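J.: test case, fold it:
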Amino acid sequence: MEIQWYPGHMAKTRRMIAEQLKNVDAVCEILDARIPRASRNPDVDGLTAGKPRLVVLNRADQADREATKAWTAHFKEKGWAVLETDAKSGAGTGAFSASVRTLLADKLRAYAEKGQTGRVVRVMVLGIPNVGKSTFINKIAGRKTAKAEDRPGVTRSKQWVPIDKGLELLDTPGILWPKLDDQDTALHLAFTGAVKDEILDTETLGCHLMAYLSEHYPEALKTGYKLQALPEREENDVAFGWRLLEAAGRRRGFLVSGGEVDTERMAKILLDEFRSGKLGRFTLEGP
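T.: Numbering: from 1, shown residues only. Model (predicted):
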């Protein structure tokens, strides 16, 4: 499966990021803690090479705690600062300013030695659409500045957002890939709602998610859908996810005429409960 999308404004965003890098002291990259690999634009490393980096693992409240620890260690090994947050509730966002100043301690010391103590620190904030970037910025700015919406790609133009006397953020539009040729990445983005649901049929998505959860988080599935046991899975069993969807739908009473299970309705419910954190805390990738 290859998903192609590269609207004109994405190319423009790349150019804008490249042009603005000279105006910022550091780059803050916001990732979805449930899918830190899939929610990282692979172009960002090349685009921002040489700039101090702060990685924000957002939606950490919905991610598997142990996996988040492993990802934090992984990014710190690269020499990057890491912050775990839940931008919606504001958890962890209060540490942003201090994290930036710790990351830039040497630079700030050099400024102070030159007598530039009041110099404003500028940070560029990057993230793919729908990782919670606008919500994060609004939370640390303490007001509504960035336009936060639950649909991909709302921030279109760059804007400077003052955080405190000595710190300003450059909010940038979400930057996607030229193409998505890795099926796992495409699925993980679709599971979390980072790409529009229309890209893949809901039922197919539900089947894939059921199969993944049964392998990695079987207890959460059993509890969430009151399943005593999960169906047996044979090798190369392509219908396994569908059978799970059917079993869960039956338990929920989603039946249509003839006693058939409304698997599409079940798939929608599964995605909603997964995305809202109602089913539990999941991470779909390890470092």
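
J.: low-confidence stretches in the stretch 101-250 of the chain?
T.: 144-158, 177-179, 197-199 (pLDDT under 70).

J.: again, 90 this time
T.: 111, 116-119, 128-130, 142-159, 164-165, 172-186, 193-201, 229-238 (pLDDT under 90).

J.: which residues of the protein fall in strands?
T.: Using DSSP state E, the strands of the chain run over residues 3-4, 26-32, 53-58, 81-84, 121-126, 159-164, 167-171, 179-180, 255-256, 260-261.

J.: the stretch 51-200 of the chain: helices as residue ranges?
T.: Counting by DSSP state H, counting those that start in this stretch, the segments of the stretch 51-200 of the chain that form helices are 65-77, 96-103, 105-113, 133-141, 183-191.

J.: the ones you listed: which one's closest to residue 251?
T.: Of all the helices of the stretch 51-200 of the chain, it is helix 183-191 that lies closest to residue 251, at 21.2 Å by Cβ to Cβ. (Glycine included, C-beta is placed from N, CA and C.)

J.: who touches that closest one?
T.: If you take Cβ atoms under 8 Å, 6 or more residues apart in numbering as the criterion, helix 183-191 is touched by 1, 3, 35, 37-39, 128, 180, 195, 197, 199-200, 205, 208-209, 212, 271, 274-275, 284-285.

J.: now swap in stretch 40-50 and tell me
T.: 14, 17-18, 21, 27, 29, 31, 124, 126, 128, 175-177.

J.: I'd like the residues you listed as CSV, with distance to residue 61 and neighbour count appended.
T.: Below are the contacts of stretch 40-50 laid out as CSV (distance: Cβ to Cβ, whole Å; neighbours: other Cβ atoms under 10 Å):
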residue, distance to residue 61, neighbour count
14, 31, 16
17, 29, 22
18, 34, 12
21, 31, 16
27, 24, 24
29, 19, 24
31, 14, 25
124, 25, 22
126, 22, 26
128, 19, 24
175, 25, 21
176, 25, 22
177, 27, 19
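
J.: re earlier: could I get the strands of the chain as a markdown table with distance to residue 219?
T.: As requested, these are exported to a markdown table (distance: least, Cβ to Cβ, whole Å):
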| stretch | distance to residue 219 |
| --- | --- |
| strand 3-4 | 32 |
| strand 26-32 | 23 |
| strand 53-58 | 24 |
| strand 81-84 | 24 |
| strand 121-126 | 36 |
| strand 159-164 | 41 |
| strand 167-171 | 40 |
| strand 179-180 | 31 |
| strand 255-256 | 26 |
| strand 260-261 | 23 |
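
J.: for residue 103, find the nearest of those strands.
T.: strand 81-84 (4.4 Å).

J.: who are the packing partners of that closest one?
T.: strand 53-58, helix 65-77, helix 96-103 (3 or more Cβ pairs under 8 Å, 6 or more residues apart in numbering; DSSP states H and E).

J.: so for residue 87, which of these sits nearest?
T.: strand 53-58 (5.4 Å).

J.: who are the packing partners of the closest one?
T.: strand 26-32, helix 65-77, strand 81-84, helix 96-103.

J.: just the C-alphas of it, formatted as PDB.
T.: Included here for strand 53-58 are C-alpha records, laid out as PDB according to Å, rounded to 0.1, in the frame of the first residue of the first chain:
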ATOM      1  CA  ARG A  53      16.600  19.400  19.600                       C
ATOM      2  CA  LEU A  54      13.800  18.900  22.200                       C
ATOM      3  CA  VAL A  55      11.500  16.000  21.500                       C
ATOM      4  CA  VAL A  56       8.000  16.200  23.100                       C
ATOM      5  CA  LEU A  57       6.300  12.800  23.500                       C
ATOM      6  CA  ASN A  58       2.700  14.100  23.500                       C
END
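
J.: nearest the geometric middle of this protein, what residue?
T.: residue 32 (2.2 Å; Cα atoms, centre = their mean).
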